[in-house]
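Chemist: Build me a structure from this.
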Amino acid sequence: MLRPDVVEYLRENLKSFPVDILRKQLAEEGISDVDFNESLAQALRAPTTVSKTLSKPKGKASTAAIAFLCVGVAIIVSVGLFALGQKPAAPTTEGNTENPSGESGFIGHAGWIVRLPKDYVGISDFKDSGKQHQIVYFCKKGTDPTNFLNEGLFGQLGIVKLEVMPTQFPNNPTGVANLSRLAAGKYKNAGEKFSMKNMQVATLPGVSVTVLSPFPRAEAFVLGQDHMYFFMAGQEDDVWRDIVLSLRDAHTEN
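Modeler: So this is what the prediction gives:
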């Protein structure tokens, strides 16, 4: 059954602790797997306040190997935004949007937009209270949000994850070169086999990475004027290309 106190507790602590640690901690406090799973699904759907009825989880927070590559922003567009070659209009409401022609997109928090494949939506969250680190999962309508926790399912379910955060890399060849070196070091230190190449998304430079093993996936790092965009999916397919290559950055495009 859905437990509001557990939902609040998860919402606060998912930012800092792995799901397995939270599940174990709550199990020790008498929360069943069924209650945990239902509350977890709700916690991923909508923000809640901090719960004060449950104890803090034990153990250390996991640090993402690519924390420096993550991301968060927002912009609006006119009805014709999705036509190739058009520039975004002034910023406005963020979230999923659809124009009269039936084309849909997602407007980020601080100045960016992507066009979405048919029947796709974006489900957004933030890693911080200041909303500087935004995470959006692009997925088919009706996708169970608990699947977002298992990146091994992204390829099978057609999920594309985007993280956006302020960047220290300049939007120029020097920035791309420095980004490439840091990214390559990350993959090598993890013992992964990968291939890397420069890419261009409209006016935005970046790096495209194909990880071959041990966990195959497609990743891309794109540099905007003020933000870095990190995409991750199970493979480089049509959905991946449609989403990644449609990215537009308000500060760069205007």
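Chemist: Could you pull out the helices in the stretch 1-150 of the chain for me?
Modeler: 4-13, 19-28, 33-45 (DSSP state H, counting those that start in this stretch).
Chemist: Please work out which of those is packed deepest.
Modeler: Neighbour counts (mean count of other CB atoms under 10 Å) averaged over each of the helices of the stretch 1-150 of the chain peak at helix 4-13, with a mean of 21. C-beta here means a position set from N, CA and C on the backbone, and glycine is covered the same way.
Chemist: For it, which helices and strands make contact with it?
Modeler: helix 19-28, helix 33-45 (3 or more CB pairs under 8 Å, 6 or more residues apart in numbering; DSSP states H and E).
Chemist: still on that earlier bit, any chance of a markdown table for the helices of the stretch 1-150 of the chain, columns mean pLDDT and distance to residue 190?
Modeler: Output for those, formatted as a markdown table (pLDDT from 0 to 100; distance: least, CB to CB, whole Å):
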| stretch | mean pLDDT | distance to residue 190 |
| --- | --- | --- |
| helix 4-13 | 80 | 26 |
| helix 19-28 | 73 | 20 |
| helix 33-45 | 77 | 26 |
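Chemist: list the contacts for the closest residue to residue 10 other than its chain neighbours?
Modeler: Closest residue in space to residue 10, ignoring its immediate chain neighbours: residue 43 at 3.9 Å, by CB to CB, 6 or more residues apart in numbering. For residue 43, the contact set (CB atoms under 8 Å, 6 or more residues apart in numbering) comprises 7, 8, 10, 11, 14.
Chemist: hmm, 10 Å instead?
Modeler: Residues near residue 43 by CB atoms under 10 Å, 6 or more residues apart in numbering: 6-14, 22, 125, 145-146.
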